[in-house]
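1. Next input, structure requested:
(chains A and B)
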2 protein chains.
Amino acid sequence: MSNDSLHASASLPIALDCLGGDNAPFCVIEGALLAHKRYPDLRFVLFGPKDALEKLLSKHESLRAQCDIEHCDQGIAADEKPSQAVRKGRASSMWRAIEAVRDGRASAIISAGNTGALMAFSKLILKTLPGIYRPAIVGRMPTSNGECVMLDLGANVECDAQTLQQFAFMGSAFARVVLEKENPSVGLLNIGSEMSKGKEELKEAYQLLDAEKSFNFLGFVEAHDIGHGRIDVVVTDGFTGNVALKMLEGTASMIRSFIKESFMSSLWSKLSYIVAKGTIAKLRKRVDPRKYNGAMFIGLNGISIKSHGSADGYSFYHAIKVGLGMVNNNLNARLLAELDASGALLDAADAEDKVVELA
Amino acid sequence: MSNDSLHASASLPIALDCLGGDNAPFCVIEGALLAHKRYPDLRFVLFGPKDALEKLLSKHESLRAQCDIEHCDQGIAADEKPSQAVRKGRASSMWRAIEAVRDGRASAIISAGNTGALMAFSKLILKTLPGIYRPAIVGRMPTSNGECVMLDLGANVECDAQTLQQFAFMGSAFARVVLEKENPSVGLLNIGSEMSKGKEELKEAYQLLDAEKSFNFLGFVEAHDIGHGRIDVVVTDGFTGNVALKMLEGTASMIRSFIKESFMSSLWSKLSYIVAKGTIAKLRKRVDPRKYNGAMFIGLNGISIKSHGSADGYSFYHAIKVGLGMVNNNLNARLLAELDASGALLDAADAEDKVVELA
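-> Residues are numbered from 1 along each chain as shown, chains lettered A, B, ... in the order given. As a prediction, this is how the structure comes out:
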């Protein structure tokens, strides 16, 4: 998503859950500050404890003028089950922030809180788009020559072929916005590229996608292909996608620590660090996972963005940027038009049966 | 596996498939040369084209003296299906090398050839160990503070709870040998650490493993935990394990290319590279995937090791080392004793029903 394509939506503010995540509300205000510097017209509506938020904002008059605060002191615990959260959480900052989107008072909601609760609340309040079987979590990942998008990252543990087919369409629409590619390439994640490999639902999904003439379908792809940057949209079930994403994060974090250790291992390496400092900083920045923060619950009748729970301000800022991009590009309207044109939409009654309750 | 614990098995040679993999037979001979330098008493029996092998060995008298050659000019193509390979491949170098293990003429077989064929042949010729439901592919992975082992890496696309339980035992036995840990910690790979997360078979496997008193069971672990080095044995189904391993390989390879690009990006960074060269070389070596080559088909009545298909000599050498470690440590005898003591063995008749034919 190039920065030029982003501008503050003139009409509606973005709703921020100020009680979600390990570092709330600080990371939320810091993220808003960074976003404010870049997009000074962007407005926010903050859901959280009024006094604490006023205090945090007291030094930032310019941002304060762009914010409405809706007082709320109930959060959702990180370990709360979605089903419990649904019963008890209707007065929570997360619930109320999502309601603001449903009621047309905000264009998108960003939360670093409990993923399961955010998904359950978003589905209950915003509902799925007509004809969508199941919403999915979609996010960006780094590759050698840019970025790709992957879904599902954890909303649906198991998926049938039709669901994977819809994921491919939703992922394509998302990629057109965030990667700015006219006809993104789509790969189905498997453990080999031959047709004989993998699970039955994957073989069936292959047939469905291969029959779509409008699609730039690459067929089966393997996890080590992702980093090469040939695949724009990686389609998989939520279990595999979640493992793949966390494996990428874990490996990147391990290698970042190796880089640091290597340059601290001897007097000579410490001296060479001083010379190479700028290059190493650039390198570490390139593999900085914070830039990829902000996964979207796609397939819902509204924009709901999940930030990493451990996000800091810089990281939360990137989640805000993802939300802004989705709003400015009318993602959902485009998505519906494309699904409609492709015939991959179910009628709503049929779809209702297929929605598996997360809570 | 420390080098001290390895010595050439006095009695039997190791069988090498000289027609498997992208770089055969060169990588095989180069790997054997590196192994010969370290373990001069180690003997090999080479299965491949006699004239070509004699020519390659002609400059290496000392290694030649440690090798027997069994002529064979039929290989298995990389894209051949296991079922086809089984029908046609009985005269192949791979088949005959495995037979040498069954017939007691070799202690282990190493091949960089077609994974599906190697698994199918190994199962047909060597058979599963009594009481084992399904063999698995187990390999090593780097972590922040050393290595861990993971299984299954691709032999079984889906696994029930009992199969995962046996994988935990087999993985532990393997880890005791390769990681030299008395009581390795075992984690079940899931998408969250809470009991409510993930697939049904995982929850059931959790209960089975939690009830094992002899086990250092960590419960559910997530993919980003692997790099931290807290988990010695990561247990998962073959689909997820294969994706996780390839994601690690792909990410490491992407970051290795970022390191190179960063230091080539400007005149200053090129100069700083000259100063930091030694440190960068050490760093690149630390994330060199060739050191982790050599996955074992565990649960079979014989040692069968799969090398990466694109292995070079250095990489193939590491696969030979894995085989040697398994032989010297009597892995299979230890594995059987442990499974027996734990009661996790089925009787053979019951087990026979559960074996799913890969071919």
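
2. ok, A:Arg256 - contacts?
-> A:Arg284, A:Val287 (Cβ atoms under 8 Å, 6 or more residues apart in numbering or on different chains). Every C-beta, even on glycine, is put in place using the N, C-alpha and C of the backbone.

3. Buried residues in stretch A:48-56, which are they?
-> Residues of stretch A:48-56 classed as buried by neighbour count (16 or more other Cβ atoms under 10 Å in any protein chain shown): A:Gly48, A:Pro49, A:Ala52, A:Leu53, A:Leu56.

4. Of those residues, which belong to helices?
-> Judged by DSSP state H, helices contain the following of the buried residues of stretch A:48-56: A:Ala52, A:Leu53, A:Leu56.

5. Need the residues you listed in CSV (columns: distance to B:Ser269 and pLDDT).
-> What follows is those, written out as CSV (distance: Cβ to Cβ, whole Å; pLDDT from 0 to 100):
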residue, distance to B:Ser269, pLDDT
A:Ala52, 45, 96
A:Leu53, 43, 97
A:Leu56, 39, 96
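
6. Closest one of the buried residues of stretch A:48-56 to chain B?
-> A:Gly48 (25.7 Å; Cβ to the nearest Cβ).

7. For that closest one, which non-adjacent residue is spatially closest?
-> A:Cys18 (2.8 Å; Cβ to Cβ, 6 or more residues apart in numbering or on different chains).

8. what about that neighbour, how many residues close to it?
-> 32 (other Cβ atoms under 10 Å in any protein chain shown).

9. how near is it to A:Leu336?
-> As judged by Cβ to Cβ, to the nearest Å, A:Cys18 and A:Leu336 stand 31 Å apart.

10. swap in A:Ser58?
-> 43 Å.

11. who has more neighbours, those two?
-> Using other Cβ under 10 Å, the more surrounded residue of A:Ser58 and A:Leu336 is A:Leu336, with 18 against 9.

12. show me the residues around the more buried one that make contact.
-> A:Leu336 touches A:Leu129, A:Pro130, A:Gly131, counting by Cβ under 8 Å, 6+ apart.

13. For A:Val149, see how far away it is.
-> Where A:Val149 is concerned, A:Leu336 sits at a distance of 18 Å (Cβ to Cβ).

14. Please apply the same query to A:Pro25.
-> If you go by Cβ to Cβ, the gap between A:Pro25 and A:Val149 works out to 29 Å.

15. who's in contact with the spatially closest residue to A:Phe44 that is not a sequence neighbour?
-> Spatial nearest neighbour of A:Phe44, chain neighbours left out: A:Cys67 (4.8 Å); criterion: Cβ to Cβ, 6+ apart. With contact set as Cβ under 8 Å, 6+ apart, A:Cys67 has these partners: A:Pro13, A:Ala32, A:Arg43, A:Phe44, A:Val45, A:Leu46, A:Leu57.

16. Distance-wise, check A:Cys67 relative to chain B.
-> Per Cβ to the nearest Cβ, to the nearest Å, A:Cys67 is found 33 Å from chain B.

17. How is A:Phe217 assigned, secondary-structure-wise?
-> strand (DSSP: H, G, I helix; E, B strand; the rest coil).

18. didn't it look like it was pressed against A:Asp210?
-> Yes - using Cβ atoms under 8 Å, A:Phe217 is in contact with A:Asp210, at 6.0 Å.

19. So for the two, which sits in the more crowded spot?
-> Neighbour comparison, A:Phe217 and A:Asp210: the larger count goes to A:Phe217, with 19 against 12 (by other Cβ under 10 Å).

20. Kindly indicate whether the nearest residue to that one once chain neighbours are set aside is helix, strand or coil.
-> Using Cβ to Cβ, 6+ apart and skipping the chain neighbours, the partner closest in space to A:Phe217 is A:Leu209 (4.9 Å). Following three-state DSSP, we place A:Leu209 in the helix state.

21. where does A:Lys291 land in three-state SS?
-> Per three-state DSSP, A:Lys291 ends up helix.

22. Can you tell me how far A:Ser58 is from A:Ala52?
-> 11 Å.

23. Show me what the mean pLDDT comes to for whichever strand or helix holds A:Ile69.
-> Using DSSP states H and E, A:Ile69 maps to strand A:67-71. Mean per-residue pLDDT for strand A:67-71: 97.

24. which secondary structure elements does the helix or strand following it contact?
-> Using DSSP H and E, the helix or strand that follows strand A:67-71 towards the C-terminus is helix A:82-88. Here helix A:82-88 touches helix A:115-126, going by 3 or more Cβ pairs under 8 Å, 6 or more residues apart in numbering or on different chains; DSSP states H and E.

25. Quick one: list the elements packing against the helix or strand just after the helix it packs on.
-> Next helix or strand after helix A:115-126 toward the C-terminus (DSSP H and E): strand A:136-143. With contacts taken as 3+ Cβ pairs under 8 Å, 6+ apart, strand A:136-143 sits against strand A:146-151, helix A:161-178, helix A:238-264, strand A:295-298.

26. Need the winner for burial among these.
-> The highest mean neighbour count among those, using mean count of other Cβ atoms under 10 Å in any protein chain shown, belongs to strand A:295-298: a mean of 27.
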